[in-house]
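1. Kindly generate the corresponding structure for this input.
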Amino acid sequence: MEIQRSEKGRAASAHEGGGLTFILVALLLVSSVTTANAVSQSWYLTDDSTGVPAGADYFMDKGSGTGTGDVPIGMLWICEWVPNEPAAVTCDMSGTWKTHIEFSGIPEAETAMFMAVLGVLTEGGGYTKGAADKELTSEDNIFDVDITTSDHEIKPGEYLFLDVMMEWGSGDEEIVVTNGESYISSPGTDPGYPVPELSSLVLFSVGLLAFAGYVLVIRRK
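-> Below is the predicted model of the structure:
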């Protein structure tokens, strides 16, 4: 009887040890996926307004500039850009964004004030997560400003958005989007909006298969 109890004890310990190993391996793989997939990416402003969701004005493209014409912006006129895809999974976009927005049409010897706003567009409206403004001239006409957002979580079906507004100016100003002159870059912790990169999905799938095989082996023992 003592031998049986001892063997059962060893079996239980082995099973517990296997379960712990399983959990550690799972955490390691999930950590690897997150680390491999967290990287900054750039979104280029375009003049494409075909099929934009309600509340937005134009699309912005990930990775390359496809704008064909510049976008006029009048006094207190808000132009809103969104990616051409909503989030497929929950993405935490909190962190420091880099803006590079070029303006034209600012008269010489005059100034214009512009504001850029980042947030989340939903079916019910929008939520601002961070903003910054800057005064520009005809010579210093690049809006290079960091915008820090917090609690910037975008859920499935929602969109990241960028709003640009002129607070004062002549009314002849335009946002230069031709050939990708204007863009924003996400924080280095960007999980891969709108969906994780393919390499990470493959890694995750392989991990799941490995987990399943491991569980079967433990149960057979």
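
2. okay but residue 128 is in contact with residue 117, surely?
-> Yes - Residue 128 is within contact range of residue 117, at 5.6 Å (criterion: CB atoms under 8 Å). (C-beta placed from N, C-alpha, C; glycine too.)

3. Between those two, which is the more surrounded one?
-> Using other CB atoms under 10 Å as the criterion, residue 128 and residue 117 rank with residue 117 on top: 20 against 12.

4. give me the beta-bridge partners of that one?
-> Following DSSP bridges, residue 117 is listed with bridge partners residue 131, residue 163.

5. quick one: contacts for it?
-> Residue 117 sits next to 128, 130-131, 162-165 when contact means CB atoms under 8 Å, 6 or more residues apart in numbering.

6. What sits closest to the most centrally placed residue in the chain if chain neighbours are left out?
-> Centroid-nearest residue in the chain: residue 193, 4.2 Å away (criterion: CA atoms, centre = their mean). Leaving out its chain neighbours, the residue that sits closest to residue 193 by CB to CB, 6 or more residues apart in numbering is residue 91, at 4.4 Å.

7. Per the annotation, how does the chain divide into domains?
-> Per automatic domain parsing, the structural domains of the chain span 2-35+199-220, 39-190.

8. where does the closest residue to residue 61 other than its chain neighbours land in three-state SS?
-> The shortest distance from residue 61 to any residue other than its chain neighbours is 5.1 Å, reached at residue 44 (CB to CB, 6+ apart). Put simply, residue 44 is strand when judged by DSSP: H, G, I helix; E, B strand; the rest coil.

9. right, and residue 44 touches residue 178 too?
-> No - using CB under 8 Å as the test, residue 44 is too far from residue 178 to be in contact (10.6 Å).

10. what sits in contact with each of those two?
-> Common neighbours of residue 44 and residue 178, counting by CB under 8 Å, 6+ apart, are residue 67.

11. Any idea how many residues pack against the residue nearest to residue 193?
-> Neighbourhood size, residue 91 [other CB under 10 Å]: 22.

12. Residue 43 too?
-> Residue 43 has 24 neighbouring residues, counting by other CB under 10 Å.

13. Start the count at 32 instead of 1 going forward.
-> Right, with 32 as the first residue, what we last looked at is residue 74.

14. so it touches residue 114, yeah?
-> Yes - proximity of residue 74 to residue 114 meets the contact threshold set by CB under 8 Å, at 6.4 Å.

15. list residues touching both of those two?
-> Common neighbours of residue 74 and residue 114, using CB under 8 Å, 6+ apart, are 91-93, 191.

16. Let me know the closest of those to residue 105.
-> Nearest to residue 105, judged by CB to CB, of the shared contacts of residue 74 and residue 114 is residue 91 at 20.5 Å.

17. quick one: the closest one and residue 126, what's the gap?
-> In this view, residue 91 and residue 126 are 18 Å apart by CB to CB, to the nearest Å.

18. Would you mind telling me which of the two has the busier surroundings?
-> With neighbours defined as other CB under 10 Å, residue 91 and residue 126 compare such that residue 91 has more, 26 against 17.

19. buried ones in the helix or strand hosting that one?
-> Assigned by DSSP states H and E, residue 91 belongs to strand 89-93. Residues of strand 89-93 classed as buried by neighbour count (16 or more other CB atoms under 10 Å): 89-92.

20. And for stretch 135-151?
-> Neighbour counts using 16+ other CB under 10 Å place 136-137, 143, 145-151 of stretch 135-151 among the buried residues.
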